[in-house]
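Visitor: Let's see this in three dimensions:
(one chain, ligands or ions: 1)
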Amino acid sequence: MDLNTRSNGNYRSMYKLIQKLLFLLNAEPAHNLGLFGLKILAKLGLIRLITPKIQDKPIDMMGIRFPNPVGLAAGMDKNGDYIDCLGALGFGFLELGTVTPRPQPGNPKPRLFRIKQAQAIINRMGFNNKGIDHLVEQVKKSRYNGIIGINIGKNFDTPIDNAVDDYLFCFRKAYQFADYIAVNISSPNTKNLRALQAEDQLEKLVKSLKNEQKNLRTKFGRYVPFVVKIAPDVTDAEIKAIARIAKNNAIDGIIATNTTILRHGVSELKYGQEVGGLSGKPLKNLSEDVLKKLILGLQGKVPVIGVGGIISGHDAIDKFDAGAVLVQIYSGFVYRGPKLIQEIIMHRK
Ligand SMILES: Cc1cc2nc3c(=O)[nH]c(=O)nc-3n(C[C@H](O)[C@H](O)[C@H](O)COP(=O)(O)O)c2cc1C
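Guide: Next up, the predicted model:
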């Protein structure tokens, strides 16, 4: 056994042990404790114990060079409190947030559920976050020098007709500190948010952000791309409209997809009927279907980040084969740990 194989074996068994202990807890305390533990490991300089060896596989998208195509999806580090430790795990980029203009507590607990048999998660967190100012402070303080996306949303009590103001507010605050900005209009846990995906609303939002991007580019002398994150629960007509708006307005990219309100493959399981967004393995086919239709509509003019149901290296390859330039993981990372990053990169030609 060479040193690499042995250290791979070590981090795997270490991660498995940590995961076993965490899975004894309810999902949200496990999430918090897991991230806290990671921070401690990083502080003690021991993060290597759970970090696989990651090969560089640089790839360009939106004028940014990503060291590898595997990103952490939004929602894991909503406030930027864990940038340095998550950044040490080998991700090609981190997407932080969703953050809103003002801090808000999110929905009452319990609001996060593991469905282990299905390698799935249901969440109705409801954008619990400390607000954009806190996140920006964390980014400024962090020592991580990798790629950072900042994912923005609207406060739960902002009327949907004023949603554009919330996005513009966060966009301005995030601009200088992000490599790209992700505009989240697809969480199922904020009332009416997904209505922003409708043609008229989306066009209005995108035009406002594009205009602001132009102003900020002049002001700061730097172009920061923005991507729109869409739901998997969209009709074919909606996908076509989204693709058309993206092309016509030169959106920099699209993230497909967020969680689903459908309950494919989990409805009979414990927690399978909880309200919220379903992610993980049962989301894969639905998400991929939307990805393929979107890619078709975009005609190669707008790049796409594929996310939803990636639990193995093969799952990620399916997304790349469908035309995704980058991928992101959330549930797969919870179930498989940092090893999944390595596995995807090894499968990628
Ligand atoms: C607990 C949890 C919280 C999430 N929070 C956010 C969020 O704040 N913003 C967002 O855009 N997506 C959020 N997501 C969605 C993920 O970023 C991702 O799009 C989705 O989970 C599908 O990927 P997966 O199957 O790899 O988990 C969240 C997902 C989970 C499981």
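Visitor: So what's the residue count around the nearest residue to Arg244 once chain neighbours are set aside?
Guide: Spatial nearest neighbour of Arg244, chain neighbours left out: Gly297 (7.2 Å); criterion: Cβ to Cβ, 6 or more residues apart in numbering. Where C-beta positions appear, they are placed from N, C-alpha and C, glycine not excepted. Neighbourhood size, Gly297 [other Cβ atoms under 10 Å]: 19.
Visitor: what's the answer for Ala88, then?
Guide: Neighbour count of Ala88, defined by other Cβ under 10 Å: 20.
Visitor: residue contacts, it?
Guide: Residues near Ala88 by Cβ atoms under 8 Å, 6 or more residues apart in numbering: 42, 47, 51, 144.
Visitor: likewise Ala241?
Guide: 198-199, 202.
Visitor: Sitting in helices, which of the residues you listed do you find?
Guide: Mapping those onto helices (DSSP state H) picks out 199, 202.
Visitor: Now pLDDT and neighbour count too, for the contacts of Ala241, in a markdown table please.
Guide: Conversion of those to a markdown table gives the following (pLDDT from 0 to 100; neighbours: other Cβ atoms under 10 Å):
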| residue | pLDDT | neighbour count |
| --- | --- | --- |
| Ala198 | 93 | 14 |
| Glu199 | 93 | 14 |
| Leu202 | 97 | 24 |
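Visitor: Which single one of the contacts of Ala241 is nearest to Asp165?
Guide: Nearest to Asp165 among the contacts of Ala241: Leu202, at 16.0 Å, using Cβ to Cβ.
Visitor: how far away is that closest one from Ile254?
Guide: 11 Å (Cβ to Cβ, to the nearest Å).
Visitor: Can you pull the residues that touch both of these two?
Guide: With Cβ under 8 Å, 6+ apart, Leu202 and Ile254 have common neighbours 228, 242.
Visitor: Of the contacts of Ala88, which are in range of the ligand?
Guide: Among the contacts of Ala88, no residue sits close to the ligand (Cβ under 6 Å from any ligand atom).
Visitor: What's the local residue count around the nearest residue to Ile311 once chain neighbours are set aside?
Guide: Of all residues not flanking Ile311 in the chain, Gly332 sits nearest, at 4.4 Å (Cβ to Cβ, 6+ apart). Per other Cβ under 10 Å, the neighbour tally for Gly332 reads 28.
Visitor: Show me what whatever helix or strand Gly332 lives in is packed against.
Guide: Taking DSSP states H and E as the criterion, Gly332 maps to helix 331-336. The helices and strands touching helix 331-336, judged by 3 or more Cβ pairs under 8 Å, 6 or more residues apart in numbering; DSSP states H and E, are strand 120-123, strand 277-280, helix 339-347.
Visitor: residue contacts, Lys240?
Guide: Gly297.
Visitor: Okay, it and the ligand: tell me how far apart.
Guide: 22 Å (Cβ to the nearest ligand atom, to the nearest Å).
Visitor: residues from this structure in reach of the ligand?
Guide: Counting by Cβ under 6 Å from any ligand atom, the residues of the chain that sit close to the ligand are 73-75, 78, 97-98, 112, 121, 123, 125, 151, 184, 187, 229, 258-259, 279-280, 283, 307-310, 329-332.
Visitor: please redo it, this time with the cut-off set to 5 Å
Guide: 73-75, 98, 121, 123, 184, 258-259, 279-280, 283, 307-309, 329-331 (Cβ under 5 Å from any ligand atom).
Visitor: Quick check: nearest residue in space to the closest residue to the ligand within the chain, chain neighbours excluded?
Guide: For the chain and the ligand, the shortest gap (Cβ to the nearest ligand atom) falls at Gly75, measuring 2.1 Å. In space, and not counting its chain neighbours, Gly75 is closest to Tyr330: 6.1 Å by Cβ to Cβ, 6+ apart.
Visitor: now Asp77
Guide: Using Cβ to Cβ, 6+ apart, the nearest residue to Asp77 is Leu96, at 5.3 Å.
Visitor: and after the host helix or strand of that neighbour, which helix or strand comes next?
Guide: In this structure, Leu96 is located in strand 93-99 according to DSSP H and E. Using DSSP H and E, the helix or strand that directly follows strand 93-99 along the chain is strand 112-115.
Visitor: Note down every partner strand of that following strand and its orientation.
Guide: Applying DSSP bridges to the sheet, strand 112-115 is found paired with strand 120-123 (antiparallel).
Visitor: Need the residues that contact the helix or strand following the strand it pairs with.
Guide: Downstream of strand 120-123, the next assigned helix or strand under DSSP H and E is helix 132-141. Residues outside helix 132-141 that contact it (Cβ under 8 Å, 6+ apart) are 79-81, 83, 96-97, 99-101, 103, 129, 148, 150, 152, 169-170, 173-174, 177-178.
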